[in-house]
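J.: sequence and predicted structure are below.
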Amino acid sequence: MLYGNLTNRIEENKNYTNEITVGTDITMYYWSDRHCYYVTRVIDQKHIFVKQYHVCANHHKAGGMGHQDWLYFKSAREMQEYTNQCVKEGLLPDYCYHELSEIKDDTESEWCFRYDHWNYVFRTERFSNKPLPKPEYSRIRQGISFGVRDYYYDWEF
């Protein structure tokens, strides 16, 4: 079915790598935007752990509304270090500065390929964190491409 950003529909579900390894980039395609992830652990080619990239604008390049000049960081702390540096250089306002001790990084997300689709794996109850007797799976409904990192923000949507 054709919907949303045509470029996303053309690019989604392609594999740009022969093997999923630690550090492999992943792009997830939404209606009009794209988000990026990277592999942190590989159990096998159908069972991986991922984290989402922290993405922010490159404040050292001319930009403005509509730009697509992004920087990718593997942790929230790295991104905040960059943001704090931009505040010190006068590229961002003071309210963007945050102490690094306040920053908490995300946890890994477990993905498993089963029944011809990638799925999120849940091993604890989602709100109480009590262990589940067996894992629960939730299908990832967005298109995914392995081996490419291509964040996109649709400024008009």
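T.: That came through fine.
J.: contacts, neighbours, all on C-alpha from now
T.: OK.
J.: state the distance from residue 7 to residue 145.
T.: From residue 7 across to residue 145, the span is 13 Å (Cα to Cα, to the nearest Å).
J.: between the two, who's got more neighbours?
T.: Between residue 7 and residue 145, counted using other Cα atoms under 10 Å, the more crowded position is residue 145 (20 against 10).
J.: how much space between residue 37 and residue 120?
T.: Residue 37 is 14 Å from residue 120, by Cα to Cα.
J.: between those two, who's got more neighbours?
T.: residue 37 (23 against 18).
J.: so for the more buried one, what's the nearest residue that isn't a sequence neighbour?
T.: Using Cα to Cα, 6 or more residues apart in numbering and skipping the chain neighbours, the partner closest in space to residue 37 is residue 52 (4.1 Å).
J.: and the pLDDT for that neighbour?
T.: We note a pLDDT of 97 for residue 52 in this prediction.
J.: enumerate every residue touching it.
T.: The contact partners of residue 52, taken as Cα atoms under 8 Å, 6 or more residues apart in numbering, are 35, 36, 37, 38, 74.
J.: mind checking how far it is from residue 27?
T.: Going from residue 52 to residue 27 by Cα to Cα gives 10 Å.
J.: what sits in contact with each of those two?
T.: 35, 36, 37.
J.: among those, which are in strands?
T.: 35, 36, 37 (DSSP state E).
J.: hmm, the second one is touching residue 27, no?
T.: Yes. In this structure, residue 36 sits in contact with residue 27. The criterion is Cα atoms under 8 Å, and the distance is 4.6 Å.
J.: now do the shared contacts for those two.
T.: Jointly contacting residue 36 and residue 27 under the rule Cα under 8 Å, 6+ apart are 149, 150, 151.
J.: quick one: neighbours of the first one, just the number.
T.: It stands for residue 149. Residues within reach of residue 149, counting by other Cα under 10 Å, total 19.
J.: how much space between the residue in the chain sticking out farthest from the centre and residue 108?
T.: Farthest-out residue of the chain from its mean C-alpha position, per Cα atoms, centre = their mean: residue 133, at 28.8 Å. As judged by Cα to Cα, residue 133 and residue 108 stand 20 Å apart.
J.: got it, and residue 130?
T.: Noted for residue 130: a distance of 17 Å to residue 108, by Cα to Cα.
J.: so between the two, which is more surrounded?
T.: Ranked by neighbour count (other Cα under 10 Å), residue 130 and residue 108 place residue 108 first, with 14 against 10.
J.: so where is this structure shaky, pLDDT-wise?
T.: Applying pLDDT under 70 to the chain flags residues 1, 63-66, 157.
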